[in-house]
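Chemist: next input, structure requested:
(2 chains)
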There are 2 protein chains.
Amino acid sequence: MSQPPALPRRDTKWWGWGAADHPAHLSEDAETMLRELLGAEGGRPAPSLAAVELPPPSPLPAGIAAAVGAEFVVTEAEDRIRHAAGQGYPDLLRRRSGRLDAAPDAVVLPGDAAELLRVLEICAGEGVAVVPFGGGTSVVGGVEPLRGGFERLISLDLGRMRRVALDRASLTARLGPGLRGPEAEAALAAEGLTLGHFPQSFEYATIGGFAATRSAGQASSGYGRFDDLVTAIDLVAPAGELKTLATPHTAAGPALRELIVGSEGTLGVISEVAVRARPAPAKRLYEAWMAPSFLEGATIVKALAQAGHQPDVIRVSDEAETQVNLRMAGLAGASRRALDAYLGLRRRRNGALVIVGFEGDGETVSRRRQLAARGLRGGGAVPLGRSPGRAWNRGRYHGPYLRDELLDRGVFVETLETSHTWSRYEELNDAVRGAISSALEAGGTPGLVMCHLSHAYADGASQYYTFMARQRPGEELEQWAEAKRAACEAIVAHGGTITHHHAVGRDHAPYMAAEVGELGIDVLRSIKDRLDPAGVMNPGKLLP
Amino acid sequence: MSQPPALPRRDTKWWGWGAADHPAHLSEDAETMLRELLGAEGGRPAPSLAAVELPPPSPLPAGIAAAVGAEFVVTEAEDRIRHAAGQGYPDLLRRRSGRLDAAPDAVVLPGDAAELLRVLEICAGEGVAVVPFGGGTSVVGGVEPLRGGFERLISLDLGRMRRVALDRASLTARLGPGLRGPEAEAALAAEGLTLGHFPQSFEYATIGGFAATRSAGQASSGYGRFDDLVTAIDLVAPAGELKTLATPHTAAGPALRELIVGSEGTLGVISEVAVRARPAPAKRLYEAWMAPSFLEGATIVKALAQAGHQPDVIRVSDEAETQVNLRMAGLAGASRRALDAYLGLRRRRNGALVIVGFEGDGETVSRRRQLAARGLRGGGAVPLGRSPGRAWNRGRYHGPYLRDELLDRGVFVETLETSHTWSRYEELNDAVRGAISSALEAGGTPGLVMCHLSHAYADGASQYYTFMARQRPGEELEQWAEAKRAACEAIVAHGGTITHHHAVGRDHAPYMAAEVGELGIDVLRSIKDRLDPAGVMNPGKLLP
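Modeler: Below is the predicted model:
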């Protein structure tokens, strides 16, 4: 095993996503397109770390250092800055502004559940707000240091809690919440296993965060969402420890496991997660097709899912995203002309790109691929081969890096997602697409709205929107809020869920009553009151 | 459609399971075996309905009749008796005793959610206990009329709430809670669909009950347990209505759906369930194999489940259950001698019977059967062909009828179930089997303890115990309590779940703290306090 990382980790850009030396992705062609489409011309570069303004830290109760060891209560400016925001667009704006009005007073790193419990008891007793922090990759304001009326706030970093215990016979593993995706996969791979959970945030997000937010990986259609993988979970709350039984299934009452999963740090801190693993696939095969249109592509996916023939990875980009993806791919002139000619010949030049992926043993992959191909052809899709599929796989974690490059160029870029049943899929798609476009246009920055389907079920599918416009200098946050609000209102008006896999955090909390009803909110509050009576856990998140 | 049934329904034996004219199942051979094994010689016949002693009904608040219509507040003795117990062994003893010390004061049948809400509000306001009643098939005391300190109690019969609304495009259906299994399947079959949910109680149990108890059907390894099928659920509680969003999936916080599913009438009444359906299979194929032993059979199932190759139905009977099943089958002499010779030749005479079932289109059935056969042969099982598979399918709902016949003959018969991970499967099996045997022996009635595995997962499987002994006349309930307690204590001591699919009810409530911890109990109570502050909903069930 390699050296354990120094904690808290500092191996990413403090002002954006991932490692600073990660290669750039924006091709010259893509830049040209952005200028043509959006009129964006250069943005504000990130300031230097040393120049960031930060409020002075308030002193914490001495018991916290006694509980975890003084070296694990960190108050250095860099760490406070790194823990002061997640990776949502408003978070990135705040970081780039060079001025953080809110930051944790300290970053606290407990070593185990007992230390964690002690810290939470002290915080509850002394009135210190606690924001649990795994990878800090929330895009919905989940780690924003909102104090909720308390004068002090700590970021509770799970970086030291990275235990791995495999039960090979049962194909399960107990995993510490602070393990990043690649760390957990490495431990499982040593035993020939995988979780199969690969969201776009995979490189930096953690096991605890996956569980706390009901994360969905890009292969969720095959492996299941993260919440499907959890067999048991431990929560450390200010009121004590809550552990669900590790059992393949039980009929013993309401599922407390499903209360802890998705609780987003508002009830306590997830201290361990038991998950189902699978044998690592011998073969992985990704390929691309071109469907006649987005909705016809969705119809193909519906038929595959309802027949039980859906691939492990299934994505359909709408016409706009397809065009952008093809241009972003930075194909050399000859390749592009050949593709263009082929699509013209097959009358799919304005089609919808479909990525399908199959994982497993060779025999299974080849049989399932054949079943999917039958459905794709039957639905009017034409094959583009493995090369664009491989390209998708290579770039599957690149989105957030690209976002930083776009911000550098003055481009407002945001994503959001929902899902609905097949019977209302098109209705929701029209509504959300229209709402975002209208909001951008009303703000004087007409934009590009793209959508893809990336998580398929027999009864429906997700819709994932990416939209871009040139930034409104000095009004970047208002611009974001207008588009976000329009989209969320359209979603709830048409019966979609406010979030398919980004979670609620701060940004979606105002829409929770539409999602679960007033009585549902009251029930969630009564649970919180029991586990966190002082209300110190992640204030301002999840509940309106 | 046929005539709607008169309500409350009276189409079953009031003192036991199913229709009175259902043919008997106990072969002469089986009777001989019982005498040999257990020494049981005749029991007490059921008394006449007219002779049953019943406490006089207390008058109810007038508002209840005003809410549902006077004709739907039923106080006839027969209906009160029918709603005074479920189908557990203690329930059957009480019914057969001819004396019911507890019975509902009335059976109330609301017509829709609005009437239901009004009834619950009145009951909460006036202090009337409410026991929701679907099919009345609970085997864990789930419908016992425990008053919880209230002077009056109603049985809330869902028989009028049997709405069906299909969403064909999304393969989902919204179903009323009072629909019995066959009614729901008939409505779906008209559109070429099925739920695939066929528990042993299928003929009489209801949709609301399936959801309230986390029922698991015999084909759950293929179709999923009932809780897997639920996409949204409506609860009417004394505090109001709680409806979860109908969406293929959501990341919007803790899953309130999973609080309502499994709530066993203690939080409110399930008023509608949205479920995933599937295309009805073109082909169903059941066949039998003989594994070398129960544990080797379980190992075969484990390998199939972990490879994703498990059949839709997979059952492994232990050696004792296998012998009883073969004798119960009532094979004619020649068939039996042939089977015996074959098993002798293949050295599987003391083996473990395996039933596998495949459902789907012809191609899928044949491919999956081939994969399963490979695993079965690899694990040392020998094929017995389709005839015993078909026999299992014909008899799949017969268990509860048989139990009545056994009681007629003075046989104590009970079932209970648990599950565990594969790594602790054998440990739990040894412990529970030993505990039941010892308890029966200590009571002076050594018995027969049998087990089967019938619900398989990649991480573990269920264990379903059936045990029999001759009754201890005059101490039937003590005899039951001793065996039940011994089994439950062994289960919790070895980390198994107190129930895999029978639910908690009255009988398992004392073990809930072992299942979810004291803090877990407190959280469940806080939810109940919010939804049912007066505590009128199904007192004495689920929570200790």
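Chemist: host element of A:C451?
Modeler: Using DSSP states H and E, A:C451 sits in strand A:448-453.
Chemist: pull up the pairing partners for that strand, direction included.
Modeler: Each strand paired with strand A:448-453, and its direction, by DSSP bridges: strand A:313-317 (antiparallel), strand A:460-470 (antiparallel).
Chemist: who wins for proximity to A:A129 among those strands?
Modeler: Checking the strands paired with strand A:448-453 against A:A129 by Cβ to Cβ gives strand A:460-470 as the closest, at 32.0 Å. Every residue, glycine included, has its C-beta placed from N, CA and C.
Chemist: quick one: average pLDDT of the closest one?
Modeler: Mean pLDDT, computed over strand A:460-470, is 97.
Chemist: pull up the pairing partners for the helix or strand that the strand holding A:C451 is followed by, direction included.
Modeler: For strand A:448-453, the succeeding helix or strand toward the C-terminus, using DSSP H and E, is strand A:456-457. Note on strand A:456-457: by DSSP bridges, its sheet partners are strand A:460-470 (antiparallel).
Chemist: apart from its chain neighbours, what residue comes closest to A:L259?
Modeler: Nearest residue to A:L259, sequence neighbours excluded (Cβ to Cβ, 6 or more residues apart in numbering or on different chains): B:P254, at 4.2 Å.
Chemist: residues near the one you found, how many?
Modeler: Neighbour count for B:P254, taken as other Cβ atoms under 10 Å in any protein chain shown: 27.
Chemist: quick check: next helix or strand after the helix or strand encompassing A:R368?
Modeler: Taking DSSP H and E as the definition, A:R368 sits inside helix A:362-378. Under the assignment DSSP H and E, the closest C-terminal helix or strand after helix A:362-378 is strand A:382-385.
Chemist: which elements pack onto that following strand?
Modeler: The elements that strand A:382-385 packs onto, with contact taken as 3 or more Cβ pairs under 8 Å, 6 or more residues apart in numbering or on different chains; DSSP states H and E, are strand A:283-291.
Chemist: tell me the strands beside the strand it packs on, with direction?
Modeler: Strand A:283-291 has its sheet partners listed here by DSSP bridges as strand A:352-360 (antiparallel), strand A:382-385 (antiparallel).
Chemist: could I get stretch A:115-122 in CSV with only the CA atoms?
Modeler: The C-alpha trace of stretch A:115-122 is given here as CSV (Å, rounded to 0.1, in the frame of the first residue of the first chain):
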residue,chain,number,x,y,z
GLU,A,115,-14.1,10.1,18.7
LEU,A,116,-16.8,11.2,16.3
LEU,A,117,-19.5,10.7,18.9
ARG,A,118,-17.6,12.6,21.5
VAL,A,119,-17.1,15.5,19.1
LEU,A,120,-20.8,15.6,18.2
GLU,A,121,-21.8,15.5,21.9
ILE,A,122,-19.6,18.5,22.6
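Chemist: surely A:P132 and A:G208 touch.
Modeler: Yes: contact criterion Cβ atoms under 8 Å: A:P132 and A:G208 qualify, at 7.2 Å.
Chemist: list residues touching both of those two?
Modeler: A:158, A:269-270 (Cβ atoms under 8 Å, 6 or more residues apart in numbering or on different chains).
Chemist: and which of those residues is nearest to chain B?
Modeler: Set against chain B, the nearest of those by Cβ to the nearest Cβ is A:I270 (12.3 Å).
Chemist: and the closest one, bridged to which residues?
Modeler: Counting by DSSP bridges, A:I270 is bridged to A:L235.
Chemist: just give me the neighbour total for it.
Modeler: A:I270: 29 surrounding residues under other Cβ under 10 Å.
Chemist: touching, it and A:P177? I think so.
Modeler: Yes: A:I270 lies in contact with A:P177 (Cβ under 8 Å); the separation is 5.0 Å.
Chemist: most packed of the strands paired with strand A:283-291?
Modeler: Mean neighbour count (mean count of other Cβ atoms under 10 Å in any protein chain shown) peaks for strand A:352-360 among these, with a mean of 26.
Chemist: what's the angle from that strand to helix A:362-378?
Modeler: Following axes from the mean of the first three to the mean of the last three Cα atoms, to 10 degrees, one obtains 160 degrees for the angle between strand A:352-360 and helix A:362-378.
Chemist: please enumerate the strands of the stretch 1-150 of chain A.
Modeler: Along the stretch 1-150 of chain A, counting by DSSP state E, counting those that start in this stretch, strands occupy A:73-74, A:106-108, A:128-133.
Chemist: ok, which of these comes nearest A:D167?
Modeler: Checking the strands of the stretch 1-150 of chain A against A:D167 by Cβ to Cβ gives strand A:128-133 as the closest, at 26.1 Å.
Chemist: chain center to whatever helix or strand comes next after that closest one: distance?
Modeler: Going down the chain from strand A:128-133, the next helix or strand is strand A:152-157, by DSSP H and E. Centre-to-centre, strand A:152-157 and its host chain are 22 Å apart (Cα atoms, centre = their mean, to the nearest Å).
Chemist: so for the helix or strand following strand A:152-157, what gets flagged as buried?
Modeler: Sequence-wise, the next helix or strand downstream of strand A:152-157 (DSSP H and E) is strand A:164-167. Buried residues in strand A:164-167, counting neighbours by 16 or more other Cβ atoms under 10 Å in any protein chain shown, are found at A:164, A:166-167.
Chemist: can you pull the residues that touch both of A:I270 and A:P177?
Modeler: Residues within reach of A:I270 and of A:P177 at once, by Cβ under 8 Å, 6+ apart, are A:208, A:211.
Chemist: which of the buried residues of strand A:164-167 lies closest to B:I122?
Modeler: Nearest to B:I122 among the buried residues of strand A:164-167, with distances taken as Cβ to Cβ, is A:D167, at 51.1 Å.
Chemist: residue of the stretch 1-150 of chain A closest to chain B, please.
Modeler: Nearest residue of the stretch 1-150 of chain A to chain B (Cβ to the nearest Cβ) works out as A:V140 at 9.4 Å.
Chemist: tell me the contacts of the closest residue to that residue other than its chain neighbours?
Modeler: Setting aside the residues directly before and after it, A:V140 is nearest to A:G505 in space (Cβ to Cβ, 6+ apart), at 3.2 Å. By Cβ under 8 Å, 6+ apart, A:G505 lies in contact with A:86, A:88, A:138, A:140-142, A:144, A:264, A:541-542.
Chemist: same question for A:A211.
Modeler: Taking Cβ under 8 Å, 6+ apart, one finds A:177, A:226-227, A:230, A:233, A:260-261, A:270, A:273 in contact with A:A211.
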